[in-house]
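Asks: Sequence plus the predicted model coming up.
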Amino acid sequence: MSWVALISAGLLEIGWAVGLKYSEGFTRFLPSVLTGLSMVLSLGLLGYALKSLPIGTAYAVWTGVGTVGTALLGIWLFGESASALRLACIGLIVAGIVGLKWVAPH
């Protein structure tokens with residue numbers, strides 16, 4: 001269950017990172033509220049996952065899921081660069097996440 005909570009926390013991190021863009025510096029009400037809610041839920045789920053997962057692994061996976069998802073949504077939603085080198089670097093982050101999951105004790 002800790003891994004489900006951790007991945008969910010990472011997905012919510014993507015939500016609040018993208019939400020920051022849509023909130024336009026917290027000047028738009030609904031995107032600001034949703035961004036704040038995503039932040040609170042993401043941190044809450046991360047805290048729950050840390051009850052049984054190593055902090056180094058959990059934090060790296062949480063930020064990795066958020067980084068990869070946010071980078072991919074940046075490409076899709078905002079027309080950011082999708083160069084081969086950038087995609088390869090995103091792939092390295094995914095490999096790191098998988099590796100950490102593979103060597104984690106739970």
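Replies: Nice, I can see it. Residues are numbered from 1 along each chain as shown.
Asks: where does the residue minimising distance to the centre of the chain land on pLDDT?
Replies: Closest residue to the average C-alpha location of the chain: Gly66 at 1.6 Å, with C-alpha atoms, centre = their mean. Note for Gly66: predicted pLDDT of 96.
Asks: buried stuff in whatever helix or strand Tyr59 lives in?
Replies: For Tyr59, the host element (DSSP states H and E) is helix 55-78. Residues 57-62, 64-71, 73-75 are the ones in helix 55-78 that count as buried (16 or more other C-beta atoms under 10 Å). Backbone N, C-alpha and C define where each C-beta goes, glycine included.
Asks: First-to-last residue distance for stretch 73-88?
Replies: This stretch, stretch 73-88, spans 16 Å end to end (C-alpha to C-alpha, to the nearest Å).
Asks: ok, and what's touching that stretch?
Replies: Defining contact as C-beta atoms under 8 Å, 6 or more residues apart in numbering, one finds that stretch 73-88 is touched by 14, 18, 21, 71.
Asks: please redo it, this time with the cut-off set to 6 Å
Replies: With contact meaning C-beta atoms under 6 Å, 6 or more residues apart in numbering, stretch 73-88 is reached by Val18.
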